[in-house]
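Colleague: pasting a predicted model and its sequence here:
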Amino acid sequence: MDLNLVRVFVAVYETRSLTTAAARLFVTQPAVSQALGRLRRELDDPLFEREGRVMRPTPLADSLSADFRGAIASIDRAIDTVHGFDPSHSRRLVRIALSELGEIGWLPAILAALRSRAPHMRLEVVPLDVDLLPEWLSRGTVDLAVTTTHIPGMFERRVLKSQAYAVAMSASNPLAHGTLDLDAYVSASHIIVGGDSGAPVLAMAQRRAGISIEPTVALRHIATLPPVLAASSELIASVPDTIAEGWATTWPLVVRPLPFDMPRVDIALYRRSTTQHTAALDWLYTTVARAIEGSSGQFFVIHGDTDARPASG
């Protein structure tokens, strides 16, 4: 079988699009259609059937995909070993999906690592959407993703850090003094941030403790949280403990342990499963992982006036 036919199959399978597959392979769409026609005749199966704008794989295509993709990846790695990947000359555009908190905490370390070894490489940060991540990683829309949410699918995953949660509140909050018990926690006015990818783990721990929390305030941006908490004597927030403790050094905030058991949240790096540019992806995956593992995070950049006083209301 012509190896180019296998490459076309893999490109169409991963992108679900003849047009996108053609762009990836640097050929025309008619060339992809022609190659796919030859492969259909050789395998005596339609392989892909159009459903709207999407090319849906047949059962045979699904059964062939893992072996075909593995074969292409092995061949590309062998070729890359001969030619080598030199990050210092790469002008490749790479895309990394990060939450807002991830941008604040890990992006400086990632940028420093990339700029030191790949000064011409371009980086695009894609706002994290955990519902779309399986599709993004399957199709190669993003190269990497950093998240605390478990992503279903056969994606390579590396746990970078483990994070506990705690309760943050203003120093003027009556709950800031003494032990925070479960009843007081449930009765308090809670504030949440929509972009917290650890929220599902927190919610599950709350359910196991037999409680359900209806937030009083829901924010869109994590950077808004410290000043809002500092200005209120009623609101509390359940957030990663090291981040809250960092904020408490410059904001008039107090950090208390959660009054129930919650497992630590793993921060993991995922890589796309598509086969193109394997050597570059290997280098990027390792470089970003090491950058985050070696960083304590830049969360302190959300800081307050150290002379600030707690609000009275």
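Modeller: In hand now; what should we look at? Just so we're clear, the structure is a prediction, and the values are computed from it rather than from any experiment. Residues are numbered from 1 along each chain as shown.

Colleague: going forward, measure contacts between C-alpha atoms and count neighbours the same way
Modeller: Fine.

Colleague: where in this structure is pLDDT low?
Modeller: 1, 80-84, 297-313 (pLDDT under 70).

Colleague: need the strands for it, in chain order.
Modeller: 48-51, 54-57, 93-98, 122-127, 144-147, 157-163, 165-170, 189-193, 217-219, 235-240, 253-257, 265-271 (DSSP state E).

Colleague: and the shortest one, what other elements does it pack with?
Modeller: In other words, strand 217-219. The contact analysis (3 or more C-alpha pairs under 8 Å, 6 or more residues apart in numbering; DSSP states H and E) places strand 217-219 against strand 189-193.

Colleague: also the first one?
Modeller: When contacts are defined as 3+ C-alpha pairs under 8 Å, 6+ apart, strand 48-51 sits against strand 54-57.

Colleague: relative to the strand it packs on, what are the paired strands and their orientations?
Modeller: As defined by DSSP bridges, the strand partners of strand 54-57 come to strand 48-51 (antiparallel).

Colleague: of the strands of the chain, which stretch is the most buried?
Modeller: Highest mean neighbour count among the strands of the chain (mean count of other C-alpha atoms under 10 Å): strand 144-147, with a mean of 27.

Colleague: quick check: closest non-adjacent residue to residue 270.
Modeller: residue 157 (4.7 Å; C-alpha to C-alpha, 6 or more residues apart in numbering).

Colleague: residues contacting that neighbour?
Modeller: 268-271 (C-alpha atoms under 8 Å, 6 or more residues apart in numbering).

Colleague: out of those residues, which one sits closest to residue 173?
Modeller: residue 268 (34.3 Å; C-alpha to C-alpha).

Colleague: beta partners for the closest one?
Modeller: With DSSP bridges as the criterion, residue 268 is bridged to residue 147, residue 159.

Colleague: contacts only, for it.
Modeller: Per C-alpha under 8 Å, 6+ apart, neighbours of residue 268: 146-148, 157-161.

Colleague: roughly how far apart are it and residue 107?
Modeller: Remark: distance between residue 268 and residue 107 (C-alpha to C-alpha, to the nearest Å) = 15 Å.

Colleague: and if you look at residue 215?
Modeller: The spacing between residue 215 and residue 107, counted by C-alpha to C-alpha, is 29 Å.

Colleague: who has more neighbours out of those two?
Modeller: Neighbour count, other C-alpha atoms under 10 Å: between residue 215 and residue 107, residue 107 has more, with 21 against 15.

Colleague: my guess is residue 215 contacts residue 192. True?
Modeller: Yes. Assessed by C-alpha atoms under 8 Å, residue 215 is found in contact with residue 192 at 6.5 Å.

Colleague: distance to residue 177 for the contacts of residue 268 - can I get that in JSON lines?
Modeller: Converted to JSON lines, the contacts of residue 268 look like this (distance: C-alpha to C-alpha, whole Å):
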{"residue": "146", "distance to residue 177": "36"}
{"residue": "147", "distance to residue 177": "33"}
{"residue": "148", "distance to residue 177": "31"}
{"residue": "157", "distance to residue 177": "41"}
{"residue": "158", "distance to residue 177": "39"}
{"residue": "159", "distance to residue 177": "36"}
{"residue": "160", "distance to residue 177": "34"}
{"residue": "161", "distance to residue 177": "31"}
